[in-house]
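return atomic coordinates for the entry below.
(chains A and B)
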Amino acid sequence: MSSTVLITIISLSLLAFLSAVILYFVARKFKVFEDPRIDEVQNVLPAANCGGCGFAGCRNFAEALVRAETFEGLNCPVGGAEVMGQAAKILGREAPVVEPLVAVLLCNGTPEYRPRTSKYDGAYDCRIAHSLYGGETDCSYGCLGMGDCVRACQFDAMYMDPVTDLPVIIDDKCVACGACVRACPRNIIELRKKAKKDRKLYVACSNCDKGGPARRACKVACIACSKCFKVCEFGAITIENNLAYIDATKCTFCRKCVVECPTGSIIELNFPPRKPKAEVTGETVKTTPDI
Amino acid sequence: MLRTFPVGGVHPQENKITAVSPVQVLPVPSSVAIPLSQHIGTPAAVIVNKGDKVKTGQKIAESRGFVSSNIHSSVSGKINRIDSVIDTTGYKQTAVFIDTEGDEWMETIDRSDEIVTDIKLTSEEIIKRCLESGIVGLGGATFPSHVKLTVPAGKKCDVLIINGVECEPYLTSDHRLMLERGEEVLIGVSIIMKALKVNRAMIGIENNKKDAAGHLTKLAGAFNGISVHELKVKYPQGAEKQLIKALINREVPSGKLPLDVNCVVHNVGTAFAVYEAVQKNKPLIERVVTITGKSLSNPGNFLVRTGTPVIRLIEAAGGLPEDTGKIISGGPMMGKALSSLDVPIVKGTSGIILLPRDESVRSEIKACIRCAKCVSACPLGLEPFLLMTLSEKGLFERAEHERITDCMECGSCSFTCPAGRPLLDYIRLGKSNVIKMARERLVKQ
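A predicted model of the protein is given here:
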């Protein structure tokens, strides 16, 4: 009995030793060199694997960073300047300054402004509703309200507001990975330059119809009257396809356009309240003290 | 035993309540909106201006490109404006709005009731006339007929198949047409045979329309090479590939056309439109539309001018019932719910169905129980449950590999699913993405 045990132990040990020897040589023969810096860079990345950088995941992005000559065009929107700085330090390169972005919804069609004219009871998915028809309202450009963007967001930065039926973006959590932009079949989410104190000024409308039909479908639709275009001193506003657009890089937040807009489709967010009697000119608004 | 296609298929409740109602002529509406895209392919280009006077049957938009179609005015009057209108797809498209003034027809159109049997035109002239008259496939797909009548070099056609199946529940417009205008339909078939240069035509009719089949069989004796065949009732037998399989037992390969198995399929409605275009020089400006629904007081079949708002048709059928939950354009299986009552009737509108509220509600979506009923029901031998999951997860490459583009969107899978899963909704989504992907690939090459 004991000899059986002994033979088993010896033969298995021999087998193990032999395999180890073979594996040792195989491992040496087929060794793949991997830049150790890839691991280092990956360690500083946020590990969200969100795809916001345009690569399949953080590892993939780390490899791209190590391989790249310069950091031109490479940016981790989640980590921002801090993470890119660390990665640059590891690799001994310069990280270009990339302005942080934030997602905004270019639609303000709440049920109050945009009456529902039909009811959709198909699959609860914006993509399907979009492929079937113009939506529950007469505006075939605006938000469908089924939350594909919210489901796409990995950072809990969005939620559906049950009252407005529109998604809300939480600025502090939004990392501008662009997942919602890609998920939206209507293409009504835009990544805009993040401003001081999270201030935002944009045309919250995507309706490319002419003024009449647009206004009939939604009270706060942009009717492309070009009043904002005329009042803007900085050339930040362009009008194309019956729709005004404010260029965030040129806008100085003077807010003249907001006052001028007859439908209220230009939205101002996180600004201090206007002085009750102040004349609304560029100067007075600019000098309003911050809260 | 009656012929039918072998794989899949379902048999929904027929509900053909208007089968006994003769076709009535709907009065000319006071205004029409004629969309510029009533066919598959490039939208037509407007050739009239605001304020112009037009006559009934006058061309108002011209076809652009090979796969496109002419559009004619269905009323006489003044062009009010050229603006956008919500069409059956639920999206806006450009349409010509005409305010009706009297009903003055073009002089070239023969409006007599006399049936013209002699086919004077040659094959080429017939095809040209179909293009000129804006004839499109009236079975629902609205593919320009002149394209289907042109047999490309290297291909040959030995049999013409005429689709009188009307497998969709509720619809009876083709049924009534075959019964009431049987002779004209058969002359139309002969014209198509002449255009295609074939000497054999087979008309397939499901045997829930025995009267129509009998009537056509009796008439067909006087025509050379036309035979009428009764088929077992099964949805979707009216689909081109299924009908070919059922009638002549040829299988159209994946991604190919009926011409690849030497046949061409046309609808009976198209045959009638071809008759009118060729023998009477009348463009396609009106069609038979079934307006039906269990709560409607006066459901029936109406001869409707294109561009007529749906609401006019509903009024003629007794007004909108209180309990209407959904208004569907087309058949209940493949049709689309309308989002507005001002949607114009177009060349492809075969019926308007008013479903009561309790019948129109979709059931709650539950988990897939892997019963594979959808697989058995799919007439194309696809795996709908798999295609749905792949589309839902965005795995479009895999979906393409699983031949999602073969899906003809008949809806048998969704109809049969005991868990109420929106199979077709997701398959459609996947299909459109795969087609987009394939197109991008083509551009890159």
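
can you tell me the closest non-neighbouring residue to A:R116?
Excluding the flanking residues, the one nearest A:R116 by Cβ to Cβ, 6 or more residues apart in numbering or on different chains is A:E136, at 4.8 Å. C-beta coordinates here come from the backbone N, C-alpha and C atoms, glycine included.

so that neighbour is in which element?
Using DSSP states H and E, A:E136 maps to neither a helix nor a strand.

for residue 18, grab phi and psi.
Picked chain A for this. When quoted as degrees, to the nearest 10, the phi and psi of A:L18 stand at phi -60, psi -50.

how about B:T18?
According to degrees, to the nearest 10, B:T18 has phi -100, psi 10.

just to revisit the earlier point, against B:V233, how distant is the residue nearest to A:R116?
Using Cβ to Cβ, to the nearest Å, one gets 37 Å for the distance from A:E136 to B:V233.

may I see the buried residues of stretch B:418-432?
By 16 or more other Cβ atoms under 10 Å in any protein chain shown, the buried positions in stretch B:418-432 come out as B:419, B:421-432.

find the closest residue to chain B in chain A.
Across chain A, the shortest distance to chain B (Cβ to the nearest Cβ) belongs to A:Y133, at 2.3 Å.

returning to that earlier point: in CSV, list the buried residues of stretch B:418-432 along with pLDDT, distance to A:R93 and secondary structure.
As requested, these are exported to CSV (pLDDT from 0 to 100; distance: Cβ to Cβ, whole Å; DSSP: H, G, I helix; E, B strand; the rest coil):
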residue, pLDDT, distance to A:R93, secondary structure
B:A419, 94, 55, coil
B:R421, 93, 52, coil
B:P422, 93, 50, coil
B:L423, 95, 51, helix
B:L424, 94, 52, helix
B:D425, 92, 49, helix
B:Y426, 94, 45, helix
B:I427, 95, 48, helix
B:R428, 93, 48, helix
B:L429, 92, 43, helix
B:G430, 94, 42, helix
B:K431, 94, 46, helix
B:S432, 92, 43, helix
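
in terms of neighbours, single out the busier of A:E136 and B:V233.
A:E136 (21 against 17; other Cβ atoms under 10 Å in any protein chain shown).

run through the residues that contact that one.
For A:E136, the contact set (Cβ atoms under 8 Å, 6 or more residues apart in numbering or on different chains) comprises A:R116, A:T117, A:S118, A:K119, A:Y120, A:L144, A:G145.

switch the cut-off to 6 Å
A:R116, A:S118, A:Y120 (Cβ atoms under 6 Å, 6 or more residues apart in numbering or on different chains).

so which bits of chain B are right by chain A?
Contact residues (Cβ under 6 Å from any Cβ of the partner chain) of chain B with chain A: B:G90, B:Y91, B:S339, B:R362, B:P422, B:D425, B:L429, B:S432.

what's the burial count for the nearest residue to A:Y245 once chain neighbours are set aside?
The shortest distance from A:Y245 to any residue other than its chain neighbours is 5.3 Å, reached at A:T238 (Cβ to Cβ, 6+ apart). Neighbour count of A:T238, defined by other Cβ under 10 Å: 13.

if we can go back for a sec, of all the residues of chain B next to chain A, which comes closest to chain A?
Of these, the one sitting nearest to chain A (Cβ to the nearest Cβ) turns out to be B:G90, at 2.3 Å.

what does chain A have sitting close to chain B?
A:S118, A:D121, A:G122, A:A123, A:R127, A:I128, A:S131, A:Y133, A:G134, A:S140.

need the residues you listed in a markdown table with secondary structure, can you?
Below are these laid out as a markdown table (DSSP: H, G, I helix; E, B strand; the rest coil):
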| residue | secondary structure |
| --- | --- |
| A:S118 | coil |
| A:D121 | coil |
| A:G122 | coil |
| A:A123 | coil |
| A:R127 | helix |
| A:I128 | helix |
| A:S131 | helix |
| A:Y133 | coil |
| A:G134 | coil |
| A:S140 | coil |
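
thanks a lot, catch you later.
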